[in-house]
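[1] have a look at this prediction, sequence included:
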Amino acid sequence: MSTPLVIAIDGPSGSGKSSVSRGVATRLGLSYLDTGSMYRAVTWFVQSQGIDLTNVQAIAECARLAEVIPSVDPNNPGISVGTVDVSEPIRSDEVTRAVSIVSAVPEVRTLMVSLQRDIAHQAQVGIVVEGRDIAGVVLPDAAVKIYLTADPQARALRRAAENGANVDATKQQLLSRDKADSTREASPLEKSADSIEVDTTHLSLDEVIDHIVSLAGSNV
Ligand code: DC
């Protein structure tokens, strides 16, 4: 039997990662894992426990108690912490503002990376995993590695169209999250040397999906 296909898709917020990753997974009949939602779920849990976000040790201890359970169905993505479905609350501004702090805590990353590897290795049909450090850290043996980019204005326009927020405010938020994500010590956001960069600024969603499916072609 051939090895299940693993596709790693990294990139900054608003680069189109989630729509592209889900589209590629659906097209190829693979599972799908949104690792950003896992860091958001831990952040939601830490906030729900009233933890002080300046206390790194308290965040790490709290994260150990969070039972993060992501769905791997690209047509029905979602995530729970224990028995609580947190798919909606993890998209709140409160979580979005705090997630860079929580995801920079090394113990949080160790816990999530280990869970992400377990989920990827259990996916018998193959899997598309999206995040920031998938190609470089989580799944360095992935058969296909993509780094999605788009210029900040295009990214802000897409995010604002999704959630109805102001474009300029969204752009500032994206840029400050990029900065926090790419300057942190533990697994900063960066393109891994062997990833293929795809600039989505002037491409439609279908064009990006077609491109990645064709790159994956020889591995399917
Ligand atoms: O993709 P997103 O915006 O839902 O990600 C939320 C946050 O999680 C983002 O600020 C960076 C962090 N993240 C990370 O550090 N590593 C990943 N593999 C995925 C997301």
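    In hand now; what should we look at?

[2] rest of the way, CA atoms for contacts and neighbours
    OK.

[3] so which residues on the chain come close to the ligand?
    Taking C-alpha under 6 Å from any ligand atom as the measure of proximity, the chain contacts the ligand at 13, 35-37, 39-40, 99-100, 103, 131-134, 177, 181.

[4] quick one: contacts of the helix or strand that contains Ile212?
    Ile212 belongs to helix 205-216 when assigned by DSSP states H and E. Here helix 205-216 makes contact (C-alpha atoms under 8 Å, 6 or more residues apart in numbering) with 7, 16, 19-21, 23-24, 27-28, 144, 146, 198, 200.

[5] what does stretch 59-68 give?
    38, 41-42, 45-46, 49, 51-53, 79-82, 102, 105, 107-108, 111.

[6] ok now that stretch, how far from the chain's centre?
    A distance of 19 Å separates the centroid of the chain from that of stretch 59-68, by C-alpha atoms, centre = their mean, to the nearest Å.

[7] buried ones in it, by neighbour count?
    Under the neighbour-count criterion of 16 or more other C-alpha atoms under 10 Å, stretch 59-68 has Ile59, Ala60, Cys62, Ala63, Ala66, Val68 buried.

[8] and if you look at stretch 16-33?
    Using 16+ other C-alpha under 10 Å as the test for burial, stretch 16-33 gives 16-26, 28, 30-33.

[9] which stretches of this protein have low pLDDT?
    Applying pLDDT under 70 to the chain flags the ranges 1, 218-220.
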